[in-house]
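J.: Build the 3D model from these lines:
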Amino acid sequence: MSVLAVDVGTSMIKTVVLDDEGTEVAVARQATSVQRPRPGWAEQDMTAVWEAVVTTIRSARRHVVDNVRFIAFTAQGDGCWLVDDKGDPTGPAILWSDGRAAPVVEGWRASGILDEAFRRTGSLTFPGLPNAILAWLAAHDPDRLARSSTSLYCGGWLFLRFTGLTAVDESDASAPFLDPRTRRYSPEIRTLFGLDWAEQLLPPVRGNGHRVGDLTARTAAELGLPAGLPVVMAPYDIVSTATGVGATAPGQACTILGTTLCTEVVRERPDTTGEPAGLTIVQDSHGRLLRAFPTLAGTEVITWAVRTLGLDTPAELGELAVQSPPGARGLVFLPYLSPAGERAPFLDPHARGTFWGMSLDHQPCDVARAVLEGLTMVIRDCLTASSAATDELRLCGGGAASDAWCRLIADVTGLRTVRSADSEVGAKGAFLSGLVSLGAEPDITTAAHRYVRIRAADEPDEERSRFYASHFDTFLTLRDLSATGWRILAGSPATPDTSLSPAATTPPATTTSAGDQNG
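T.: Numbers count the residues shown, from 1 in each chain. Below is the predicted model of the structure:
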């Protein structure tokens, strides 16, 4: 039998057909658009996201030669997906990358609330979390809140459309309202943020053994699948991706080279010591957690560099970068290009991309190298913040297709890096969660050992690693110096253009056999 595993990312939705051995048979993809109606805002049409899911499932199921065993899905996390009492959206989804609530978060930081919340949960609030968004809506759009009955995440929105059930997976619920020790909502946290009134908006939390619903007759007809088919709401995408690449045991680490550059370490208990940073997320119901550092700027930085340098593909950027020596001839790039600033491993809504040391002597290859080195320094920065003791880093996401970048990551971190044989690792993680939820596998670690396959590994070069250890110190020093400049620019009288751009055209879904994928 076949399984349909759906991965609903921010910019791309994929449905993967997997056989009983967990091998990819076919992948259907559909691009989605993010609307930015004002500077720093990031929204999506909730109905359009669902329609893209339907399109990819209908396209992928044409490659199913036998019966479908179940549907499992994972989705982007954080943000705020509000629905009314009929389950209809009350407006666009406000995404994890939205920055409108930055003043709310800065107020909480100044009053010590952020630090106190981190000491309780191990998660540092940023503007794209629902507590910040709800507080912003209460002040600026109370009418929408009055029309809303439930605050979902993307995964909860999809589960509602698939099954008619209102719920949130415990991974999504982890930040900001869940106590990671009890796996229940914390009334103390709601009170701390002044959000006792939001309790009525929070959906029931589901974990292992409770993530399954039945496909409704209405949605079954829409998808061309039998009613009553099991639907598994897997943990949200950064958790499912860690599972899908095999990072399930304490001490194992992975980095997702995707829209968010997310470095994660598996832990057995929360770490609320040290400088507040990152998120603590429930990975499974056997006591394991992820200490996660999801940045606001990831492969979109590479897309920007490709466009800026007049290249055609990210692969060309890697080929250009290796023409420059380590250190890019003294050019250092701070890759904080998100309009919302940065959230991990430090929180600064004013953070912006910055070049240091540029001169007329620098060539395009140096710029390309500096961009890749800057992104890789962020990975090392997140590993340092995690206090992880590990000798291996598992890599996945679209950026893992770059041999040049993966070798650079090994050199900069000083760790052996390995990559998955699967092209869609988040979907593989959803598949594994489905097997556990339906009783076909006893736990996630056992399932990962059986189904996760590794295709490539890179060992760090000792000489280059020594060089990058020193270069990392320089990177951090320059970042500290840049913070003053970021704040000066934030107070500049220059006014951004707030005019709306034409609506993006969404490309049609594409379906390929798994053998046609190059990762």
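J.: make it CA atoms for all contacts and neighbour counts henceforth
T.: OK.
J.: Tell me which stretches of the stretch 251-400 of the chain form helices.
T.: Ranges of helices in the stretch 251-400 of the chain, per DSSP state H, counting those that start in this stretch, are 299-308, 314-321, 364-386.
J.: Likewise for the stretch 101-250 of the chain?
T.: For the stretch 101-250 of the chain, the helices defined by DSSP H, counting those that start in this stretch cover 102-110, 113-121, 130-140, 142-147, 154-163, 170-173, 187-192, 217-223, 237-244.
J.: Relative to the whole chain's centre, how far out is the first one?
T.: In other words, helix 102-110. Taking C-alpha atoms, centre = their mean, to the nearest Å, the mean C-alpha location of helix 102-110 is offset from the chain mean by 23 Å.
J.: same deal with the fifth one?
T.: Remark: helix 154-163 is offset 18 Å from the chain centroid, using C-alpha atoms, centre = their mean.
J.: Packing partners of it?
T.: Under the contact criterion of 3 or more C-alpha pairs under 8 Å, 6 or more residues apart in numbering; DSSP states H and E, helix 154-163 touches strand 68-75, strand 168-169, strand 212-214, helix 217-223, strand 230-233.
J.: Run a quick check on residue 251 versus residue 386, I expect a contact.
T.: No - the pair residue 251 and residue 386 does not pass the contact test of C-alpha atoms under 8 Å, sitting 10.4 Å apart.
J.: Just put the helices and strands packed on helix 154-163 in TSV and tack on mean pLDDT and mean neighbour count.
T.: Formatted as TSV, these follow (pLDDT from 0 to 100; neighbours: other C-alpha atoms under 10 Å):
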stretch	mean pLDDT	mean neighbour count
strand 68-75	98	25
strand 168-169	96	26
strand 212-214	97	20
helix 217-223	97	15
strand 230-233	98	26
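J.: For residue 323, find the nearest of those.
T.: Minimum separation from residue 323 across the helices and strands packed on helix 154-163 (C-alpha to C-alpha) falls at strand 68-75, 37.6 Å.
J.: for the stretch 401-519 of the chain, which spans come out with low pLDDT?
T.: Where the stretch 401-519 of the chain drops to pLDDT under 70, the residues are 494-519.
J.: Actually, the chain.
T.: Residues of the chain meeting the criterion pLDDT under 70: 285, 494-519.
J.: can you list the domains in this structure?
T.: Domain assignment for the chain by automatic domain parsing gives 2-233, 246-492.
J.: Determine which of these approaches residue 239 most closely.
T.: domain 246-492 (6.2 Å).
J.: Okay, strands next: where are they in the stretch 1-150 of the chain?
T.: 2-8, 12-18, 24-31, 43-44, 68-75, 81-83, 93-94, 150-152 (DSSP state E, counting those that start in this stretch).
J.: Would you reformat these as JSON lines and include distance to residue 230?
T.: Formatted as JSON lines, the strands of the stretch 1-150 of the chain follow (distance: least, C-alpha to C-alpha, whole Å):
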{"stretch": "strand 2-8", "distance to residue 230": "10"}
{"stretch": "strand 12-18", "distance to residue 230": "15"}
{"stretch": "strand 24-31", "distance to residue 230": "20"}
{"stretch": "strand 43-44", "distance to residue 230": "27"}
{"stretch": "strand 68-75", "distance to residue 230": "5"}
{"stretch": "strand 81-83", "distance to residue 230": "24"}
{"stretch": "strand 93-94", "distance to residue 230": "26"}
{"stretch": "strand 150-152", "distance to residue 230": "21"}
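J.: wait, which of those strands is closest to residue 191?
T.: Going by C-alpha to C-alpha, the one of the strands of the stretch 1-150 of the chain nearest residue 191 is strand 150-152, 17.4 Å.
J.: Please state the offset of the closest one from the chain centre?
T.: 19 Å.
J.: now do stretch 272-285
T.: 15 Å.
J.: ok, back up a step: so can I have a markdown table of the domains of the chain showing distance to residue 239?
T.: Formatted as a markdown table, the domains of the chain follow (distance: least, C-alpha to C-alpha, whole Å):
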| stretch | distance to residue 239 |
| --- | --- |
| domain 2-233 | 7 |
| domain 246-492 | 6 |
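J.: can you give me the strands for the stretch 301-450 of the chain?
T.: According to DSSP E, counting those that start in this stretch, the strands that the stretch 301-450 of the chain contains are 332-334, 354-356, 392-396, 416-420.
J.: Can you lay out those as CSV showing mean neighbour count and distance to residue 455?
T.: As requested, the strands of the stretch 301-450 of the chain are arranged in CSV below (neighbours: other C-alpha atoms under 10 Å; distance: least, C-alpha to C-alpha, whole Å):
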stretch, mean neighbour count, distance to residue 455
strand 332-334, 24, 31
strand 354-356, 16, 35
strand 392-396, 25, 11
strand 416-420, 22, 6
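J.: Now those in a markdown table, please, with extra columns for distance to residue 214.
T.: Formatted as a markdown table, these follow (distance: least, C-alpha to C-alpha, whole Å):
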| stretch | distance to residue 214 |
| --- | --- |
| strand 332-334 | 47 |
| strand 354-356 | 50 |
| strand 392-396 | 31 |
| strand 416-420 | 31 |
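J.: Perfect, I'm done here.
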